[in-house]
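Asker: have a look; sequence and predicted model below, questions after that.
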Amino acid sequence: EHETLTITLPNADMVPALIGKKGATIRSITEETGVEIDVQRVGDKEKDEDSKAPASAEATADEPAAGAAIIVLSAPRHKLPFGKSAVEAVISQYERENATVLIPRSLIPALLAPSGKVTLAELQKDFNITLSLKRKDTTENGDVPLAIRGEEDHVSAVKAQLEARIASQSSQTIPIPTQARAALIGTKGETISRIQQNSGAQISLGESDATIDGTPEQLEAARAAIDA
C-alpha cells in the first residue's frame, strides 16, 4: 500500500534543480528509490488528491507561502525515507550553489558602472558565476535581491565580498542651495558625474539637498569636491 510524504520547498526556484535537464534528476531519483514524485507549485489550480489526505508518514504542518512549491512523494512506507533523502540531497546542493544578497538601492549604480571598484560584471568573470538582479522583488525600503549561482566556493566568496561592500557603505545628506544646484549638476550632468567617478560615491539630488552614499573615504572625497 502506497503512502505519501510532503516536502515543502520555500522557494519554487529550486524546482528546476530537482527536475533536472529534461527530467533527468527526478527520473533518476524515482528509478533508484522506487518513489514517485509529484511537483506542485503553490497556487496551482489542480492538486493531487493524495496530497490533501492525511499522510501516515511525516508531513509539513504549516501552510506553505506563495512562491513555494510542494513535493509529494508516494511509495510503500519503507521506501519513502530513501526518496526523502534523495530529494533533500538535491535541495542541499541547490542551497550551497545558490545565494541571495539584498543590495541597497544606492549601491546598485556603482556595481553596474564599468568604472566601479567592484562590479557585477567583474565578479561574474573572475568567479565564473551567474549574477541576476531581481528588480521585481525589490523590498519596501528599496533593497534589490541579487541572486548568485555557481560553484559552492565561488558563491560563498562572492557573497562575502558583497556583504563586506554593503557593510562599508555610509550615507550623508547635505544641504544644496538652490543657486548652487545647477553648478553641481554641470552641463548635461558632467560635473556631478565627474565627482561620482573620481570619488566612487553615489550622489542623489533632492530639491534642496544631496544624499551621498559610499564608504567613509568616498563620502569625504565627494563632499570635498562639492564644497570646492
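Answerer: Okay, I see it. Residues are numbered from 1 along each chain as shown.
Asker: pull the helix or strand with minimum mean pLDDT from the chain.
Answerer: Of all the helices and strands that make up the chain, the one with the lowest confidence by mean pLDDT, DSSP states H and E is helix 49-52; it has a mean of 42.
Asker: quick one: contacts of the helix or strand that that one is followed by?
Answerer: Helices and strands here follow DSSP states H and E; after helix 49-52, the next one along the chain is strand 69-76. Among residues not part of strand 69-76, those counted as contacts by C-beta atoms under 8 Å, 6 or more residues apart in numbering are 1-9, 11-12, 14-15, 18, 33-42, 48, 50-51, 64, 80, 83-84, 87. In short, each C-beta sits where N, CA and C put it, glycine included.
Asker: swap in stretch 155-169?
Answerer: Outside stretch 155-169, the residues that reach it (C-beta under 8 Å, 6+ apart) are 96-99, 101, 103-104, 106-107, 118, 123, 127, 129, 131, 146, 148-150, 213-215.
Asker: buried subset of the contacts of strand 69-76?
Answerer: Neighbour-count burial (16 or more other C-beta atoms under 10 Å) is assigned, among these, to 3-9, 12, 14-15, 18, 33, 35-40, 42, 51, 64, 80, 83-84, 87.
Asker: which ones among the residues you listed map onto helices?
Answerer: Within these, residues falling in helices by DSSP state H are 15, 18, 33, 51, 80, 83-84, 87.
Asker: ok, residue 33 to residue 82 distance?
Answerer: Residue 33 sits 4 Å away from residue 82 when distances are taken as C-beta to C-beta, to the nearest Å.
Asker: I should have written residue 20 there, sorry.
Answerer: Spatial separation of residue 20 from residue 82 under the definition C-beta to C-beta is 18 Å.
Asker: please name the nearest non-neighbouring residue to residue 14.
Answerer: Nearest-residue entry for residue 14: residue 94, 5.1 Å, with adjacent residues in sequence omitted and distances by C-beta to C-beta, 6 or more residues apart in numbering.
Asker: the one you found against residue 16, yeah?
Answerer: No: taking C-beta atoms under 8 Å as the definition, residue 94 is not a contact partner of residue 16, at 9.2 Å.
Asker: who's more crowded, the two?
Answerer: Legend: neighbour count by other C-beta atoms under 10 Å for residue 94 and residue 16, higher for residue 94 (18 against 11).
Asker: please identify the buried residues of the one helix or strand that one maps to?
Answerer: Element membership for residue 94, per DSSP H and E: helix 80-97. Residues of helix 80-97 classed as buried: 80-84, 86-87, 90-91, 94, 97 (neighbour count, 16+ other C-beta under 10 Å).
Asker: okay, it in PDB with CA atoms only?
Answerer: C-alpha atoms of helix 80-97 as PDB (Å, rounded to 0.1, in the frame of the first residue of the first chain):
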ATOM      1  CA  LEU A  80       9.700   6.800   1.500                       C
ATOM      2  CA  PRO A  81      12.800   7.600   3.600                       C
ATOM      3  CA  PHE A  82      15.100   6.900   0.600                       C
ATOM      4  CA  GLY A  83      13.100   9.200  -1.600                       C
ATOM      5  CA  LYS A  84      13.100  11.900   1.100                       C
ATOM      6  CA  SER A  85      16.900  11.600   1.500                       C
ATOM      7  CA  ALA A  86      17.400  11.900  -2.300                       C
ATOM      8  CA  VAL A  87      15.200  14.900  -2.600                       C
ATOM      9  CA  GLU A  88      16.800  16.600   0.400                       C
ATOM     10  CA  ALA A  89      20.300  16.000  -1.100                       C
ATOM     11  CA  VAL A  90      19.300  17.900  -4.300                       C
ATOM     12  CA  ILE A  91      17.900  20.700  -2.200                       C
ATOM     13  CA  SER A  92      21.000  20.900  -0.100                       C
ATOM     14  CA  GLN A  93      23.200  21.100  -3.200                       C
ATOM     15  CA  TYR A  94      21.000  23.800  -4.600                       C
ATOM     16  CA  GLU A  95      21.300  25.800  -1.400                       C
ATOM     17  CA  ARG A  96      25.100  25.500  -1.500                       C
ATOM     18  CA  GLU A  97      25.300  26.600  -5.100                       C
END
